[in-house]
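>>> From the sequence below, what's the structure:
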Amino acid sequence: MRLNLGCGNRRLEGYLNVDKYPACNPDAVVDLEALPWPWPDSSVEAVDLHHVLEHLGQRTEIFLGIMGELYRVMMPNALAHITVPHPLSDGFLGDPTHVRPITPASLHLFSQARNRETIARGWPNTPLGLYLGIDLELVEVCYEVQPHWRELASDPSRKQEMERAIFERFNVVSDIKMTMRKVAH
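A predicted model of the protein is given here:
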């Protein structure tokens, strides 16, 4: 089974298209903040969350529960493809339904290997993967650069300048595309 969670009007062929709102005409009406999810353990081979995760879990315990459910339903080595608006963009800040920024740094907190590394280095990051007994490894991150920044982004000699702009400036990046893998234990 493959899940397109929070599909809205973006249906994917070969996926179970899931949304909270019947008006979207999903294959399944499911409130992703109502836990547990209705799918069995290790039953999902791929998950797509396109502009969804930033809308979920305003209360921390609900967000952590959602990440736990994502881990629970995924098969070992399954991939979750996550697209979110960059927190320093009009796309994130202009939508009152966005309840939390999602960044690579926040998703790294669900990797047990990263958790062990941060503990060993004495860093203050919360080792959520170890605390919650889940292990989701961030395997790919891609920044969707706004059109007026693409020339700078395409110049390899200016890579450091571009990286700094991404983290310091408003509206450089529209979206962050990330892929997480369920680590098999």
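>>> Could you identify the helix or strand that succeeds the helix ranked longest in the chain?
Scanning the chain for the helix with the most residues, using DSSP state H, yields helix 60-73. Moving toward the C-terminus from helix 60-73, the next helix or strand (DSSP states H and E) is strand 74-85.
>>> Could you give the average pLDDT over that following strand?
In this model, strand 74-85 has a mean pLDDT of 98.
>>> Report the buried residues of that strand.
By neighbour count on 16 or more other Cβ atoms under 10 Å, the buried set for strand 74-85 is 74, 78-80, 82-85. Glycine gets a C-beta too; all of them are placed from N, C-alpha and C.
>>> for the chain, what spans make up the strands?
With DSSP state E, the ranges of strands along the chain come out as 2-5, 16-19, 28-29, 44-50, 74-85, 136-145, 173-182.
>>> Buried deepest among the ones you listed, which one?
Greatest average neighbour count among the strands of the chain goes to strand 2-5 (a mean of 24), per mean count of other Cβ atoms under 10 Å.
>>> re earlier: I'd like the distance from the longest helix of the chain to the chain centre, please.
When distances are taken as Cα atoms, centre = their mean, to the nearest Å, helix 60-73 is centred 12 Å away from the chain's centroid.
>>> And it, what does it pack against?
Using 3 or more Cβ pairs under 8 Å, 6 or more residues apart in numbering; DSSP states H and E, the elements in contact with helix 60-73 are strand 44-50, helix 128-132, strand 136-145.
>>> Tell me what angle the first one forms with helix 60-73.
With axes from the mean of the first three to the mean of the last three Cα atoms, to 10 degrees applied, the angle from strand 44-50 to helix 60-73 works out at 140 degrees.
>>> what lines up beside strand 44-50 in the sheet?
Sheet pairing for strand 44-50, assigned by DSSP bridges, gives strand 2-5 (parallel), strand 74-85 (parallel).
>>> quick one: pLDDT of the residue of the chain positioned farthest from its centre?
For the chain, the residue at maximal distance from the C-alpha centroid (Cα atoms, centre = their mean) is Ser157, at 29.8 Å. Ser157 carries a pLDDT value of 93.
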